[in-house]
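A.B. asks: Would you be able to build a 3D model of this:
(one chain, ligands or ions: 2)
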Amino acid sequence: MDRTGLLIILSSPSGAGKSTLARRLMDWDGDLRFSVSATTRPPRPGEIDGQHYYFTTPDMFRDMVADGQMLEHAEVFGNLYGSPRSPVEAAMRQGRDTLFDVDWQGGQQIRASALGGHVVSIFVLPPSLPELERRLRARGQDSDQVIAGRMQKSRSEISHWAEYDYVLVNEDLDGTEDRLRAILTAERLRRDRQAGLGRFVKRLMEEESA
Ligand SMILES: Nc1ncnc2c1ncn2[C@@H]1O[C@H](COP(=O)(O)OP(=O)(O)OP(=O)(O)O)[C@@H](O)[C@H]1O
Ligand SMILES: Nc1nc2c(ncn2[C@@H]2O[C@H](COP(=O)(O)O)[C@@H](O)[C@H]2O)c(=O)[nH]1
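C.D. replies: Ligands and ions are numbered 1, 2, ... in the order given. As a prediction, this is how the structure comes out:
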């Protein structure tokens, strides 16, 4: 079957659980490709260049944008973030699905991009704003000032929820992972239906019955 890889967008206010859920989905499906973003944010302890992000300078980031290397890019919490284009195009050609952990601006740009693939967008909500702040603190990787800034921006990120195909409240991690798996499975079936099942059904109808 001639199929194109899905573009799966995961967005949420910072700390709602996207990266945790993305990791779980990748463990569940080894064929799913994570889009490693470039960023000018400094690495957190334990973050590996090329695995969590491509850490870069503002000048190099702007050069990549000017050179058309970014599928989308945005300023988020005072740093630049962007999704490199060529690995996404290669995955699509191979029929491999790509998972993006991006903010709402990235979500809008990927939907509007000329890549022409089947886009599935999922917004993850926290059960409450106090719980969101608790998670940011429990992660233990950002200063009080950074956490305050992210909490301040959380309402404006959440205000974009209705732009997404699916909205999940990430209360219980296992339950949210189950629902994400179900979405992925159903959307793959939908993509395959568009990609060429019509030809299969035509052949099936033309077959002689035994
Ligand atoms: N359902 C959940 N219940 C309790 N804790 C959770 C849940 N989901 C995620 N967490 C925890 O919340 C913290 C923030 O999660 P995570 O880093 O995945 O958020 P994020 O949305 O990717 O944040 P950012 O946008 O800043 O990258 C982590 O410590 C994670 O273990
Ligand atoms: N538009 C984009 N947003 C991105 C990208 N990579 C990450 N992000 C978003 O930034 C914030 C902060 O991330 P953090 O790792 O510093 O906590 C979060 O909302 C991410 O989804 C990207 O390539 N483009």
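
A.B. asks: From now on I want contacts and neighbour counts done on CA atoms only, so please keep to that.
C.D. replies: Fine.

A.B. asks: Can you classify the residue nearest the centre of the chain as helix, strand or coil?
C.D. replies: When C-alpha atoms, centre = their mean is applied to the chain, the residue found nearest the centroid is F100 (2.2 Å). Three-state assignment for F100 (DSSP: H, G, I helix; E, B strand; the rest coil): strand.

A.B. asks: Buried ones in stretch 83-94, by neighbour count?
C.D. replies: Residues S83, P84, R85, P87, V88, E89, A91, M92 are the ones in stretch 83-94 that count as buried (16 or more other C-alpha atoms under 10 Å).

A.B. asks: list the contacts for the residue nearest to the centre of the chain?
C.D. replies: Neighbouring residues of F100 by C-alpha atoms under 8 Å, 6 or more residues apart in numbering: L7, I8, I9, L10, F34, S35, V36.

A.B. asks: Among these, which ones are in strands?
C.D. replies: L7, I8, I9, L10, F34 (DSSP state E).

A.B. asks: Please name the residues that touch W104.
C.D. replies: S11, S12, E157, H160.

A.B. asks: My error: substitute V169 in the last question.
C.D. replies: Each residue near V169 by C-alpha under 8 Å, 6+ apart is listed here: V124, L125, P126, P127, T176.

A.B. asks: Check whether the last one really touches A182, as I assumed.
C.D. replies: It stands for T176. No. Shown here, T176 and A182 do not form a contact pair, counting by C-alpha atoms under 8 Å, at 9.9 Å.

A.B. asks: Have a look at these two and say which one is more surrounded.
C.D. replies: Neighbours per residue (other C-alpha atoms under 10 Å) separate T176 from A182, with T176 holding more: 17 against 12.
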